[in-house]
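Participant: dropping the sequence and predicted coords here.
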Amino acid sequence: MTANGRAAVADSDILLTGATGFVGAFLLRRLLESSAVRVHCLVRSMTEPEAMERIRSAQIAYGLDLPDQARVVPVAGDLAAAGLGLSPERFDDLARSVTTVIHAAARVNLVMPARMLEAANVAGTREILRLARQGGAAVRFISTSEVFGRARGVVDEDTPALDCYEDTSGYGRTKRAAESLVLQARRDGLPAAVLRLDRVAGDSRTGACQSDGDDLWLLVRSALSTGVLPDALVNLTPVDFAADAVLALTAAPAGSEPIAHICHPWPTRMTDVATALNHVGWPVRVLPATEWAMTLQRLGEQPDCDPMVRLLPIIADRVMGGRPLFRAPRTTATLRRLGLHHPPVDVPLLGKYVRHLTATGFLPATYHRG
Ligand SMILES: NC(=O)c1ccc[n+]([C@@H]2O[C@H](COP(=O)([O-])OP(=O)(O)OC[C@H]3O[C@@H](n4cnc5c(N)ncnc54)[C@H](OP(=O)(O)O)[C@@H]3O)[C@@H](O)[C@H]2O)c1
């Protein structure tokens, strides 16, 4: 670890996928900040200059910068294509160069059927593992709590993500299939591990959130027309902390745990979200979940109702209902030992998120009840 508690990844060449996405942009920034590694970034694009431009745009979009661009090696490719969309020579060259792969890219879409996501999420992971095996690189596969679908009760690092959890999204199923490939590769001797994230929230310092929001913020946006939010607990891990945690666990010895869970030990109450909204002038109230559902039903029956209101129970179900309690006892203890402590996701931080989402236009600047 460095003095500021960040991961010190071995000074070598790393392959990072997903650098143009939300989590990947922060992984890249933190990698460059905390180590001397050269980071090869596989990016969907036709040319390397275009790939570099897309990496830079993602950094700008999330209020970051590239501290040392010379250490970023853009690789124009495509996870969904055979050989990662690279020529056989480029594939071999990359396999020879990198000692660690952080595989964060995926098609993240909760409504698409699995068959539309398989090429990138499953076949792409198979290709990443082939590349890693060829050069003997360690693999850290970024996965998701979604692999558990609607499993009941508490799930932790030791709970198997079984195929019997039928009731998950196509996305969850493809990530589970990719996890199986990674864990099989580990059993076959590759130093590979799965790092599962729960819901990732914005940057704890700047408030920068995922550009198109997520289901929590869609629910919040809906409160503009309904005036109400359901009482619930939501687990939010700020993305800068999630990136630091991934890098700290990546730097851990190769024989470390096969599966880590990264989530906040203290879930956030929806009442705190409402308070943050109240502070910017939205008179939003929190209702007990059943009362909230009845209010929505009443609103949905009105002839001039915003069609979005009729979809809200589906979104709310994703945010608060029917999911297992995702826990990370072992990983949280490890991270604490490494000096990493989750930043509180409290009203001031939620206020930063609200202000960021207002500045980007995702949330409207003025409240006008529909
Ligand atoms: N955000 C969360 O709350 C959360 C929670 C749990 C787990 N995760 C995991 O974290 C990882 C990153 O998620 P995210 O939220 O950052 O998603 P995101 O913003 O949608 O980013 C996804 C990244 O994957 C890349 N990608 C998709 N298909 C690709 C392909 N065919 N070839 C190459 N790259 C491809 C995207 O590239 P383009 O720019 O070209 O589309 C983008 O860089 C995923 O593995 C996800 O399962 C995220």
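Facilitator: Arrived safely, thanks for sending. What you see is a predicted model, and the numbers here were worked out from it, not measured in a lab.

Participant: element containing residue 261, please.
Facilitator: Element membership of residue 261, judged by DSSP states H and E, is strand 259-262.

Participant: what do you get for residue 352?
Facilitator: Per DSSP H and E: helix 347-359 holds residue 352.

Participant: follow-up on the earlier one: each with direction, which strands does the strand holding residue 261 pair with?
Facilitator: Strand 259-262 sits in its sheet next to strand 192-197 (parallel), going by DSSP bridges.

Participant: can the helix or strand following the strand it pairs with be found next to the ligand?
Facilitator: Sequence-wise, the next helix or strand downstream of strand 192-197 (DSSP H and E) is strand 200-201. Yes: against the ligand, strand 200-201 shows contacts by CB under 6 Å from any ligand atom at residue 200. The way it works is simple: take the backbone N, C-alpha and C, and place the C-beta from them, glycine included.

Participant: can you give the strand pairings for strand 200-201, parallel or anti for each?
Facilitator: For strand 200-201, the paired strands and their directions (DSSP bridges) are strand 237-238 (parallel).

Participant: for the stretch 151-300 of the chain, which residues are neighbours of the ligand?
Facilitator: So the stretch 151-300 of the chain meets the ligand at 175, 197, 199-200, 210 (CB under 6 Å from any ligand atom).

Participant: reformat those residues as TSV; add distance to residue 303 and neighbour count.
Facilitator: What follows is those, written out as TSV (distance: CB to CB, whole Å; neighbours: other CB atoms under 10 Å):
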residue	distance to residue 303	neighbour count
175	41	29
197	42	23
199	35	22
200	39	23
210	34	19
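
Participant: give me the helices and strands touching the lengthiest helix in the chain, please.
Facilitator: Longest helix of the chain, by residue count under DSSP state H: helix 170-187. Judged by 3 or more CB pairs under 8 Å, 6 or more residues apart in numbering; DSSP states H and E, the packing partners of helix 170-187 are helix 114-118, helix 124-135, strand 138-144, strand 192-197.

Participant: got the contact list for that helix?
Facilitator: Outside helix 170-187, the residues that touch it by CB atoms under 8 Å, 6 or more residues apart in numbering are 106-110, 112-118, 121-122, 124-126, 129, 132-133, 139, 141, 143-144, 146-149, 161, 163, 165, 168, 192-194, 258-259.

Participant: in ChimeraX, select just the buried ones from those residues.
Facilitator: Provided next is the ChimeraX selection string for whichever of the contacts of helix 170-187 are buried by 16 or more other CB atoms under 10 Å:
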select :106,107,108,114,117,118,121,122,124,125,129,132,133,139,141,143,144,146,147,148,149,161,165,168,192,193,194,259
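
Participant: so in the protein, where's the weakest helix or strand by average pLDDT?
Facilitator: Least confident helix or strand, the chain: helix 307-320 with a mean of 70, by mean pLDDT, DSSP states H and E.

Participant: on that earlier part again, average model confidence for the strand holding residue 261?
Facilitator: For strand 259-262, mean pLDDT is 97.

Participant: elements contacting the helix or strand that that strand is followed by?
Facilitator: Sequence order places strand 268-269 as the next helix or strand after strand 259-262, per DSSP H and E. Strand 268-269 sits against strand 233-234, with contacts defined as 3+ CB pairs under 8 Å, 6+ apart.
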